[in-house]
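Peer 1: pasting the sequence and the predicted model now:
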Amino acid sequence: MESTEMIKIVNLHKNYGELEVIKGINLEIRAGEVVCIIGPSGSGKSTVLRCINRLETPTSGTIIVDGKDIMDSETDINHVRTEAGMVFQQFNLFPHMTVLDNVTIGPVKVRKISVTEAEKLGRSLLEKVGLADKAKNYPEQLSGGQKQRVAIARALSLKPKVILFDEPTSALDPELVGEVLEVMKQLASEGMTMVVVTHEMGFARDVADRVIFIDKGVIQEDNAPDAFFSNPENPRLRDFLGKVAEH
Amino acid sequence: MQFQFDWSAFFESFPMLMRGIKFTIVITIGGLVFGFLIGAFMGLMKLARHVVPRTLAITYIEAIRGTPMLVQAMFLYYGVPMAMGLRIPPLTAGIIIIAINSGAYIAEIVRGSVQSIDPGQTEAGRSIGLTRSQTMLYIVWPQAFKRMIPPLGNQFIISLKDTSLLMVIGVGELLRTGQEIVAVSFKAFEVYLAVAVVYLVMTLTIARGLRVLENHLEMKTKR
């Protein structure tokens, strides 16, 4: 059978000076899979995600994204980044551009398509995240939930094969979390490959194909959501889930 | 003998100062246009990853900020021609001095403004596949430029006032013109007061213009 591997991480290490944050992580993610990564803060889960599109440079190890070794100096990292979109905790929309410009700048400057074509694509993406009427607004005029939905549209604008979500709902007011998760669920149902670092246990349980628990720089558990949540083997995970459930 | 303020000498100074005003404006604007280009270039060089451009930028900035502009002007106008054998016309020399001098301060303004932009903006730019320079050009620079406006305005005013130092190399700017009028009329009080009024009107105009520009840019992203 042909491999449908989208991301392959082999023996990933990341040090910040003396501090070893990632201590040998191996992970494979297949096309169409939704993988949620959970873990306590400081566990290294966001670092793993940020290594995948090389916003962080791994100290050692191999990362293959869509067949391309991102550590290879021959690889065009900018191209890899168009295949692996990213959604940030703090949205990071471009505040000096309209919502529509936020979602067309990638296609225009990177894919070199015409502005007319890009705007057509941009409007359809804004429609998809339910914000077609905000095209001409500036990010400052949007709520947190709306900003994050624009950020998802921006990540989609390059037609990536996988989207990396770095705690996409952690900066949102509780009542705005739902609208963002809805968009993410919709993407998952359309077959998008997604890697989601999150604290939303409900989302992980309902939407993920696999849930991964990272603690102290290593993968402690990697399982289907049912087994992961109802019958956790790892004592650290049991402890973590217990703490989360209290809240 | 009691001092009598001579109103006609005061008012008649203004038309005679016109030529000097023109020189001051030309030197200030010319100097700042080139000063901004130098400053932008040096400011970005100071943020470079490699040590060579960084060191070059730091050396330039430190050397210029650490020496008086008057000395720089004397050096360029009297010193350099001795060594190189080429004479620089006073007006050109004035523009070069203002450019080189303001460039060092503008470099720091540029560096500070660029660094003040949230690194998340660069990450977001890179994450959609923009190159390093595209991210600077389309994402970071426009935001940083907005933050540069108040300190640039300040530098604009400082440089305008600094042009008065150029009288020592014989540039016919505003103060020098005033001095020439005094040499003939001996009305030092009236003429230098008129000179001061002209500087004040120019600097207040700049300050006012910048406030309008800032408000305009602020409105654009809010509406």
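Peer 2: Right, received. Where do you want to start?

Peer 1: distance check, the closest residue to B:Ala107 other than its chain neighbours against chain A.
Peer 2: Among residues not flanking B:Ala107 along the chain, B:Met42 sits closest, at 3.8 Å (CB to CB, 6 or more residues apart in numbering or on different chains). Every residue, glycine included, has its C-beta placed from N, CA and C. Per CB to the nearest CB, to the nearest Å, B:Met42 is found 24 Å from chain A.

Peer 1: residues contacting B:Met42?
Peer 2: Contacts for B:Met42 (CB atoms under 8 Å, 6 or more residues apart in numbering or on different chains) come out as B:57, B:60-61, B:103-104, B:107, B:110.

Peer 1: what's the helix or strand for it?
Peer 2: Assigned by DSSP states H and E, B:Met42 falls within helix B:7-46.

Peer 1: got the angle between whatever helix or strand comes next after that helix and helix B:7-46?
Peer 2: Scanning forward in sequence from helix B:7-46 by DSSP H and E, the next helix or strand is helix B:51-65. Helix B:51-65 and helix B:7-46 are oriented at 160 degrees to each other (axes from the mean of the first three to the mean of the last three CA atoms, to 10 degrees).

Peer 1: about what we covered before: can the contacts of B:Met42 go into CSV with extra columns for distance to B:Thr122?
Peer 2: Output for the contacts of B:Met42, formatted as CSV (distance: CB to CB, whole Å):
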residue, distance to B:Thr122
B:Ala57, 20
B:Tyr60, 25
B:Ile61, 23
B:Gly103, 25
B:Ala104, 26
B:Ala107, 20
B:Val110, 16
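
Peer 1: next, format these as TSV and append pLDDT.
Peer 2: TSV is the format used below for the contacts of B:Met42 (pLDDT from 0 to 100):
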residue	pLDDT
B:Ala57	97
B:Tyr60	98
B:Ile61	97
B:Gly103	98
B:Ala104	98
B:Ala107	98
B:Val110	98
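
Peer 1: from A:Thr4, how far out is A:Gly191?
Peer 2: 11 Å (CB to CB, to the nearest Å).

Peer 1: cool, A:Ile37 as well?
Peer 2: On the measure of CB to CB, A:Ile37 and A:Thr4 end up 20 Å apart.

Peer 1: and those two? Which one has more around it.
Peer 2: Higher neighbour count among A:Ile37 and A:Thr4: A:Ile37, with 28 against 11, using other CB atoms under 10 Å in any protein chain shown.

Peer 1: identify the bridge partners of that one.
Peer 2: A:Val197, A:Ile212 (DSSP bridges).

Peer 1: the residue positioned nearest the centre of chain B in helix, strand or coil?
Peer 2: Central residue of chain B (CA atoms, centre = their mean): B:Ser159, 3.8 Å from the mean position. Three-state assignment for B:Ser159 (DSSP: H, G, I helix; E, B strand; the rest coil): helix.

Peer 1: count of neighbours near residue 31?
Peer 2: If you meant another chain, say so; for now it's chain A. 15.

Peer 1: not quite, I wanted chain B
Peer 2: 25.

Peer 1: before we move on, what about B:Thr92?
Peer 2: Count around B:Thr92 with other CB under 10 Å applied: 14.

Peer 1: where's it, which helix or strand?
Peer 2: Counting by DSSP H and E, B:Thr92 is part of helix B:90-116.

Peer 1: mind listing what's buried along that helix?
Peer 2: Burial within helix B:90-116, assessed by neighbour count using 16 or more other CB atoms under 10 Å in any protein chain shown, is assigned to B:90-91, B:93-111, B:113-114.

Peer 1: before we move on, what about stretch B:57-72?
Peer 2: B:57, B:60-61, B:64, B:69, B:72.

Peer 1: tell me which two of these sit farthest apart.
Peer 2: Among those, the pair separated by the greatest distance (CB to CB) is B:Ala57 and B:Met69, at 19.5 Å.

Peer 1: isn't A:Phe213 right up against A:Ile219?
Peer 2: Yes: between A:Phe213 and A:Ile219 there is a contact under CB atoms under 8 Å: 7.2 Å.

Peer 1: the two: who's more crowded?
Peer 2: A:Phe213 (24 against 20).

Peer 1: need the per-residue pLDDT for the closest residue to that one other than its chain neighbours.
Peer 2: Leaving aside its chain neighbours, A:Phe213 sits nearest to A:Glu221 (4.2 Å; criterion: CB to CB, 6+ apart). A:Glu221 is assigned a predicted lDDT (pLDDT) of 92.

Peer 1: isn't A:Glu221 up against A:Asn231?
Peer 2: No: A:Glu221 lies out of contact with A:Asn231 (CB under 8 Å); the separation is 10.7 Å.

Peer 1: looking at these two, which is more packed in?
Peer 2: Between A:Glu221 and A:Asn231, counted using other CB under 10 Å, the more crowded position is A:Glu221 (20 against 9).
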